[in-house]
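Visitor: Quick one: sequence plus predicted model below, questions after.
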Amino acid sequence: MVAANTISITGSVGNDLLAGASSVALTGTVGRNIMASVNRFVVDGPVGGDIKAYVNDLIFGSSARVSGKVTYTSENEAVVNSGALIGGNLNRLDPPSETVLASPWRTAWSFIRPILSLLAVTLLMTLLFPVLASKTALTIKNKPGISIGYGALVVFVAPIAALLLLITVIGIPISFLSMLLYIVLIYTTRVFAGYFLAQIIFERFDKIVHPVWTGLAGVFVLALLIRIPYIGWFIHIAAVLFAAGALIVYLAGEKKQPGAVEVYEPNP
């Protein structure tokens, strides 16, 4: 099993070969079957079984000796040079039609599905941890500079630290756990950022709204904002940085009065 940009096989593979690459050149021997997803696949050696490939260009050199059949999915016909031998059938399949994938319903669902999943997570978090959401929003409001500073530190430095832990055998479990927590953090930060956004809006209208509805409304608006062309990515990054940093500050104990619950509510 191998995945790379360029693969060159000049030796002997005793059993099966499973490959994914931009370019594969086989001049050695494969004892059994080949399954590959390749842009350019050159077979110029013995293959003891079948070949199944998803390719752009499939070329059989003069030294190719395929004992089984060849089934490939491509828009182009395979090139079989003089001297190449294929024991079974050579079958070309057309790639899947993109018209089905680009149907209006699928396009709409691909837009709605991530929003619905994020709303479901928001509902769960605001029901279970309403103080956490409001406290994080309050931290963003009161300490925006510290929040974005810690957020940048966590978002950009934490993955590098986790990768460095992979160098040591002892650090591998910690690295995988860190990356898992990192993914959860990045995903949930949109909940806290959306909560903060809704609180700012409701505060302008002197409205006090239940935390669940505050979270759902804010996350829905944020999900729409980050899909605005050209500027959506900037809004997304800013939301992640502010919320991640504010969450870290709150969890680290940056409170005015330890043990007190201070909920972010509109000013009277």
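Guide: Arrived safely, thanks for sending.

Visitor: Send me stretch 198-212 as PDB with only the CA atoms.
Guide: Below are the C-alpha coordinates for stretch 198-212, written out as PDB (Å, rounded to 0.1, in the frame of the first residue of the first chain):
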ATOM      1  CA  ALA A 198     -26.100  37.200  18.900                       C
ATOM      2  CA  GLN A 199     -25.500  38.800  22.300                       C
ATOM      3  CA  ILE A 200     -24.100  41.900  20.600                       C
ATOM      4  CA  ILE A 201     -27.200  42.100  18.400                       C
ATOM      5  CA  PHE A 202     -29.700  41.500  21.200                       C
ATOM      6  CA  GLU A 203     -27.900  44.000  23.400                       C
ATOM      7  CA  ARG A 204     -28.500  46.800  20.900                       C
ATOM      8  CA  PHE A 205     -32.300  46.100  21.100                       C
ATOM      9  CA  ASP A 206     -32.200  45.600  24.900                       C
ATOM     10  CA  LYS A 207     -33.500  42.100  24.600                       C
ATOM     11  CA  ILE A 208     -32.700  39.200  27.000                       C
ATOM     12  CA  VAL A 209     -33.000  35.900  25.200                       C
ATOM     13  CA  HIS A 210     -32.700  32.300  26.500                       C
ATOM     14  CA  PRO A 211     -29.100  31.000  26.000                       C
ATOM     15  CA  VAL A 212     -30.400  28.200  23.600                       C
END
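
Visitor: residue ranges of the strands in the stretch 51-200 of the chain, please?
Guide: Using DSSP state E, counting those that start in this stretch, the strands assigned to the stretch 51-200 of the chain run over residues 51-60, 65-66, 70-73, 79-80, 85-86, 90-93.

Visitor: would a markdown table of those strands with mean pLDDT be doable?
Guide: Listed next are those as a markdown table, based on pLDDT from 0 to 100:
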| stretch | mean pLDDT |
| --- | --- |
| strand 51-60 | 95 |
| strand 65-66 | 96 |
| strand 70-73 | 95 |
| strand 79-80 | 94 |
| strand 85-86 | 94 |
| strand 90-93 | 94 |
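
Visitor: Could you check those strands and tell me which one is nearest Val184?
Guide: strand 51-60 (33.5 Å; Cβ to Cβ). C-beta here means a position set from N, CA and C on the backbone, and glycine is covered the same way.

Visitor: In contact with the nearest residue to Gly245 once chain neighbours are set aside, which residues?
Guide: Of all residues beyond its chain neighbours, the one nearest Gly245 is Gly151 (3.1 Å), with distances taken as Cβ to Cβ, 6 or more residues apart in numbering. Going by Cβ atoms under 8 Å, 6 or more residues apart in numbering, Gly151 touches 240-246, 248.

Visitor: make it 6 Å
Guide: For Gly151, the contacting residues are 241-242, 244-245, by Cβ atoms under 6 Å, 6 or more residues apart in numbering.

Visitor: and the two most separated of the residues you listed?
Guide: So, the contacts of Gly151 by Cβ to Cβ: farthest apart are Phe242 and Ala244, at 7.5 Å.

Visitor: The residue positioned nearest the centre of the chain and Leu165, how far apart?
Guide: Ranked by distance to the mean C-alpha position of the chain (Cα atoms, centre = their mean), the top residue is Ile183 at 9.6 Å. According to Cβ to Cβ, to the nearest Å, Ile183 and Leu165 sit 16 Å apart.

Visitor: Could you do Gly31 as well?
Guide: When Gly31 is compared with Leu165 (using Cβ to Cβ), they lie 38 Å apart.

Visitor: more neighbours, those two?
Guide: Leu165 (18 against 14; other Cβ atoms under 10 Å).

Visitor: tell me the contacts of that one?
Guide: 171, 174-175.

Visitor: Show me which of these is closest to Trp105.
Guide: Ser175 (41.0 Å).

Visitor: Look up the closest residue to Leu90, ignoring the ones flanking it.
Guide: Closest residue in space to Leu90, ignoring its immediate chain neighbours: Val70 at 4.9 Å, by Cβ to Cβ, 6+ apart.

Visitor: about what we covered before: among the strands of the stretch 51-200 of the chain, which comes closest to Gly11?
Guide: Nearest to Gly11, of all the strands of the stretch 51-200 of the chain, is strand 65-66, at 16.2 Å by Cβ to Cβ.
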